[in-house]
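A.B. asks: could you look at this predicted model? Sequence included:
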Amino acid sequence: MIPSIIWNCRGIGNLETQFYITSLIRQYRLGIVGLIEPMISPDRIQPLLRRLGMDHFHSNPTNHIWIFWTRPYSMELLVEGPQHITMTARDLTQEFTFSVIYASHRSEERETLWADLVQYVRDYPTLVESPWARNMEMFNDCIFRLALIEPPTSGEAWTWSNNRGDALIYERIDRCFINSIAMMRHPILVTILPRYRSDHTPILILPKQSMSTHRPPFRFQTMWLQHENFQSFVRNHWYGQISDSPMENLSYRLRNLKLHLKWWNRHIYGNVHTQVDALQKELAEVERLLQARYSDAAWERRSRVSDQLDEAGVEYFRTLLTSQSIEISDDMLTSIPSLVTHRENSLITAIPTGEEIKEVVFSMSRHRAPGPDGFPVDFYISCWDIVGTDLIQAIKEIFRRKLFTRSWKATFLALIPKVTTPTSFRDFRPISLCNVCYKVVSKIVTRRLSSFLDRLISPEQCGFVKGRYIHDNIMLVHELAQSLGHDCRGSNIIIKLDMEKAFDRIEWSFLIKSSFIVGPSTPIGTIRRIQGLTGFSRGHLPFDYLGCPIFLGRRRIHYFDALVGKLRKKLAGWKLQLLSPGGRIQLIRHVLMSMPLHLLAVHEVPDTVLQTIRRICTSFLWDGQLEGPRRQRRVSWEKACRPTDEGGLGIRRPQDVLNMLQKKLISAWYDTWLDDIPLACFTTFTSSCRCMLNHANLKFIKLENTNFRIFRSISK
């Protein structure tokens, strides 16, 4: 079950209420937030989304119910009405129906509500939350037909109060229901939190497995640097020596400082999270006293809930990043040519100077996430006079001994979703969070390698070398595909190898996903022999390569459907957020018009596709959606695409972007394909393509090989 909270907040416009919700989202890692009676206009939703840290939003027609959710969770609307929103919630491993209800006090209006619930949520794992109205007969009938149960709750006994002093009334109006299927598959814990700035209490729903007893790791807080006594405190507690190794001494002093910083945060600076928890406990105690409910159990809340990775996920990434041990003989190693000279190797492994180490540290981003030790780059830069000498000595020892201590190699793995709705661990990208000391060594070696890296990496490889572009490879593959149907001895063939983690390892399992593509005149017997020899499957044109379509022959509109689909999919999430015109302009300028750049840099996209992109941007700018009633255009598209200093909106025309990128390709062809550097080694192209690029008019360029479609397109 996705961690969520439902609250009849009675107005979300107050900053204190917004900060309170934000603290709950961060504390419990909430994926869904349902708010009832927000009492503000949806036009103000965009800054609220940013403040809450949520990604998506939906409201019902009467604007009485708002639902927020964040990635990687996805929500799909099933049905909505004046009294409820019913959506399908999904994450990596589960799917269930989620309803937030604000029932009317009129019985005739509630009949429609009960009918919708019975129709849409009966056959699914269901979680229903609502402030229920009175007159319980129809309500009980709906609960019976849906087979809903009310799970046990902890926390407050009542969910509503009239706050009238001597005439004080408490009632249990807000309730949470779940059906047996969902309860069996996804057990939950329901907690009624203390009232805050509303007569209703928030209802917190957490999966049972998310309630972890592990303490969160230490994290250095950048705000500590602003304290007037922080520098002196660090200087007074930066001591300790346990060996003659600078690395071990630095690690020991960091651990010792960490213990003192925890004490300093609690007693001197004031632990913000502890203060919040203490105030929440006091608030809960006041509620219990008012309700005359005394309990021996202490009200405990953790300031942070750590999500536990499933064993399957850990095993997946362990297998992904490791390989089977293979014995390599010395004879095999001697057959590999040596590309690095002894002098270059000495330059790479030379002990760095103190100035070099300091320059590397101060060139690193100050606000990157820290590693397992909890100390970011900002700490080392701000306290360089105190810790700089120890760090320099430790880095020098690493280059001298060629060895890391185990604590320095410790790394956190953060899983970043690669797709909107992940369905397996393959859909996550592991990001390594290393300690600063480790990153300093890595950056020193990287800087030294960069001076001769272009000689070590083959000309066909566009990664890691400054000045090489991924578009060169795409152009090469596209031009090769044009000659696939030419008559030749044997057959022309394109082999597409799909190698996972290609820069780290190569294993034979990649053969299963690899394929080959042959020309249309290739005999079937030849195709079968290739399949038998390689084990590859047969592929077909067109196919995607590095995000661009590779095709043979004329440019067809459907080759670029993926680009248009991405734009429409991106807008599908935005149109629900009721953006202001200014917000739409910014999204068009910085997001929508940036998405086609990769494709436009390689292909001459048909005019029909460019017109479709223009219509999508125009509809989003003036209508806020792709479908629906068409509003009056206040200015023409041509005027909107003028620079802002000329009275326009600063939006780039797709055709202008295409023309600019095609002109950029001219220098790429001249320098990369026809000169004596990287791709000039492909003699098939350099010998068949001779042109006069120094001519002032590109119309007079002469091409002996008319199959160079990309080059012909930019020479028009």
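C.D. replies: Ah, there it is. Numbering: from 1, shown residues only.
A.B. asks: which residues sit in contact with the closest residue to residue 7 other than its chain neighbours?
C.D. replies: For residue 7, ignoring the flanking residues on the chain, the nearest one in space by C-beta to C-beta, 6 or more residues apart in numbering is residue 202 at 3.9 Å. From N, CA and C alone the C-beta is placed, and that goes for glycine too. Contacts for residue 202 (C-beta atoms under 8 Å, 6 or more residues apart in numbering) come out as 5, 6, 7, 24, 192, 193, 196.
A.B. asks: can you show me the CA trace of stretch 75-94 as PDB?
C.D. replies: Taking C-alpha atoms only, stretch 75-94 is exported to PDB below (Å, rounded to 0.1, in the frame of the first residue of the first chain):
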ATOM      1  CA  MET A  75      -2.800   7.500 -10.500                       C
ATOM      2  CA  GLU A  76      -5.400   6.900 -13.200                       C
ATOM      3  CA  LEU A  77      -8.800   8.500 -12.900                       C
ATOM      4  CA  LEU A  78     -11.700   6.000 -12.900                       C
ATOM      5  CA  VAL A  79     -14.700   8.200 -12.000                       C
ATOM      6  CA  GLU A  80     -15.300  11.500 -10.200                       C
ATOM      7  CA  GLY A  81     -18.200  13.500  -9.100                       C
ATOM      8  CA  PRO A  82     -19.200  16.400  -6.800                       C
ATOM      9  CA  GLN A  83     -18.800  14.100  -3.800                       C
ATOM     10  CA  HIS A  84     -15.800  11.900  -4.600                       C
ATOM     11  CA  ILE A  85     -12.700  11.000  -6.600                       C
ATOM     12  CA  THR A  86     -12.000   7.400  -7.400                       C
ATOM     13  CA  MET A  87      -8.600   6.600  -9.000                       C
ATOM     14  CA  THR A  88      -6.500   3.500  -9.700                       C
ATOM     15  CA  ALA A  89      -3.100   3.800  -7.800                       C
ATOM     16  CA  ARG A  90      -0.100   1.800  -9.000                       C
ATOM     17  CA  ASP A  91       3.500   1.400  -8.000                       C
ATOM     18  CA  LEU A  92       6.200  -1.200  -8.800                       C
ATOM     19  CA  THR A  93       4.400  -4.200  -7.200                       C
ATOM     20  CA  GLN A  94       0.800  -3.400  -6.600                       C
END
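A.B. asks: and it, how far from the chain's centre?
C.D. replies: Per C-alpha atoms, centre = their mean, to the nearest Å, the displacement of stretch 75-94 from the mean C-alpha position of its chain is 22 Å.
A.B. asks: pull out the buried residues from that stretch.
C.D. replies: By 16 or more other C-beta atoms under 10 Å, the buried positions in stretch 75-94 come out as 75, 78, 80-81, 83-92.
A.B. asks: closest one of those to residue 451?
C.D. replies: Set against residue 451, the nearest of these by C-beta to C-beta is residue 92 (43.7 Å).
A.B. asks: returning to that earlier point: report the two of the buried residues of stretch 75-94 separated the most.
C.D. replies: Within the buried residues of stretch 75-94, 83 and 92 form the most distant pair, 31.5 Å apart (C-beta to C-beta).
A.B. asks: ranking helices and strands of the chain by mean pLDDT, which lands last?
C.D. replies: Least confident element among the helices and strands of the chain, by mean pLDDT, DSSP states H and E: helix 683-688 (a mean of 41).
A.B. asks: got the domain ranges for the chain?
C.D. replies: Domain assignment for the chain by automatic domain parsing gives 4-210, 215-270+339-456, 470-554, 555-716.
A.B. asks: highest mean neighbour count out of those?
C.D. replies: For the domains of the chain, the largest average neighbour count (mean count of other C-beta atoms under 10 Å) is found in domain 4-210, namely a mean of 17.
A.B. asks: state the mean pLDDT of it.
C.D. replies: In this model, domain 4-210 carries a mean pLDDT of 80.
A.B. asks: can you tell me how far the residue lying closest to residue 53 once chain neighbours are set aside is from residue 18?
C.D. replies: Computed as C-beta to C-beta, 6+ apart, the closest residue to residue 53 that is not its neighbour in sequence is residue 25, at 6.2 Å. For residue 25, the distance to residue 18 (C-beta to C-beta, to the nearest Å) stands at 11 Å.
A.B. asks: joint contacts of those two?
C.D. replies: residue 52.
A.B. asks: so residue 650 versus residue 586, what's the distance?
C.D. replies: On the measure of C-beta to C-beta, residue 650 and residue 586 end up 10 Å apart.
A.B. asks: what's the distance between the residue nearest to residue 7 and residue 539?
C.D. replies: Residue 202 sits 54 Å away from residue 539, taking C-beta to C-beta as the criterion.
A.B. asks: same check on residue 113?
C.D. replies: Between residue 113 and residue 539 the computed distance is 53 Å (C-beta to C-beta).
A.B. asks: please apply the same query to residue 330.
C.D. replies: 40 Å.
A.B. asks: residue 338 too?
C.D. replies: Counting by C-beta to C-beta, the gap from residue 338 to residue 539 is 37 Å.
A.B. asks: swap in residue 378?
C.D. replies: 49 Å.
A.B. asks: next: residue 644.
C.D. replies: Per C-beta to C-beta, residue 644 is found 47 Å from residue 539.
A.B. asks: and the strands in the stretch 401-550 of the chain?
C.D. replies: All strands of the stretch 401-550 of the chain, identified by DSSP state E, counting those that start in this stretch, fall at 411-417, 428-434, 493-496, 515-518, 537-538, 543-545, 548-550.
A.B. asks: can you add distance to residue 568 and give those back as JSON lines?
C.D. replies: Output for the strands of the stretch 401-550 of the chain, formatted as JSON lines (distance: least, C-beta to C-beta, whole Å):
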{"stretch": "strand 411-417", "distance to residue 568": "20"}
{"stretch": "strand 428-434", "distance to residue 568": "24"}
{"stretch": "strand 493-496", "distance to residue 568": "28"}
{"stretch": "strand 515-518", "distance to residue 568": "29"}
{"stretch": "strand 537-538", "distance to residue 568": "31"}
{"stretch": "strand 543-545", "distance to residue 568": "18"}
{"stretch": "strand 548-550", "distance to residue 568": "18"}
